[in-house]
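In: turn this into a model:
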Amino acid sequence: MFLVTFLFIRFSVRMIRKQVKWWPGNVSPGGLHIHHVVFGLVFMCLGGIGGLAVKDPRSWVAALAAALFGVGAALVLDEFALVLHLDDVYWAKQGRLSVDTVFMAGALTGLALVGVSPLAIDAFDESFLNGSLTVLTNLIFASICLLKGKVWTGLIGVYLTPLALIGAIRLARPRSPWARWRYREGSRKLARAAWREHRYREPIERAKHAFQDLVAGRPSA
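Out: Numbering: from 1, shown residues only. Modelled structure (predicted):
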């Protein structure tokens, strides 16, 4: 439901943006434009509270609550940039952050659904201490990745330790907090980081933006 709702709402806003006559417009009672993040919050509350109240996790009521929560999460994350900036940047370049957030949430949810969960530790298991140390080490590696400006590597690295380790070892992005703290101006490391950003990262970003524009619509100039 999460992905279906995201694709539907993106189709809807693109139709509204093009002012297609046969498609319903914005919800604007009394001239007040109600963004779909508002509906998303309502659905998330209904799904979350309903899910906690359900006693049988395999009942249709539990499935309905999960579906409502998924729908609400998609609506909220699709306007994540608006919430962050407290401004209507939906069709601005800053609005791409919402699409990034949805893609990231989908990737992490997919990993969880296939059973990849580094935080699943049994407190009564004999290997609890070893497992806790593994999780702590993994979180440290993932945090270093985030400080180095590698958001995707850091978040997915929480689930995949080798990915987090590789990201933690490799050079930071030139404008990341790690680079500002540890790479001196004019240093060889900063020069290499800038070269790698131009040589590898920028083409990947252009390809990502092209795919985002295909799925979610191109931002305004």
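In: in the chain, which helix or strand is least confident?
Out: Averaged element by element with mean pLDDT, DSSP states H and E, the chain has its least confident helix or strand at helix 128-147 (a mean of 81).
In: who are the packing partners of that one?
Out: With contacts taken as 3 or more CB pairs under 8 Å, 6 or more residues apart in numbering; DSSP states H and E, helix 128-147 sits against helix 151-157, helix 161-169, helix 177-182. C-beta here means a position set from N, CA and C on the backbone, and glycine is covered the same way.
In: just checking, what packs against the next helix or strand after the shortest one?
Out: If you walk from helix 177-182 toward the C-terminus, the next helix or strand you reach (DSSP states H and E) is helix 188-196. With contacts taken as 3+ CB pairs under 8 Å, 6+ apart, helix 188-196 sits against helix 177-182.
In: could you list the low-confidence segments of this protein?
Out: Across the chain, the ranges flagged by pLDDT under 70 are 117-131, 221.
In: mind listing what's buried in stretch 200-208?
Out: By 16 or more other CB atoms under 10 Å, stretch 200-208 has no buried positions at all.
In: same question, stretch 209-221
Out: Residues of stretch 209-221 classed as buried by neighbour count (16+ other CB under 10 Å): Q212, A216, G217, P219.
In: who touches that stretch?
Out: With contact meaning CB atoms under 8 Å, 6 or more residues apart in numbering, stretch 209-221 is reached by L7, R10, V13, R14, R17, W91, A92, K93, G95, R96, V99, D100.
In: if we use 6 Å, what do you get?
Out: Contact with stretch 209-221 is made by R10, R14, W91, A92, K93, G95, R96, V99, as judged by CB atoms under 6 Å, 6 or more residues apart in numbering.
In: any of those buried? List them.
Out: Neighbour counting with 16+ other CB under 10 Å marks R10, A92, G95, R96, V99 as buried within the contacts of stretch 209-221.
In: can you name the two of these that are farthest apart?
Out: Comparing all pairs in the buried ones among the contacts of stretch 209-221 by CB to CB, the longest separation belongs to R10 and A92, at 15.7 Å.
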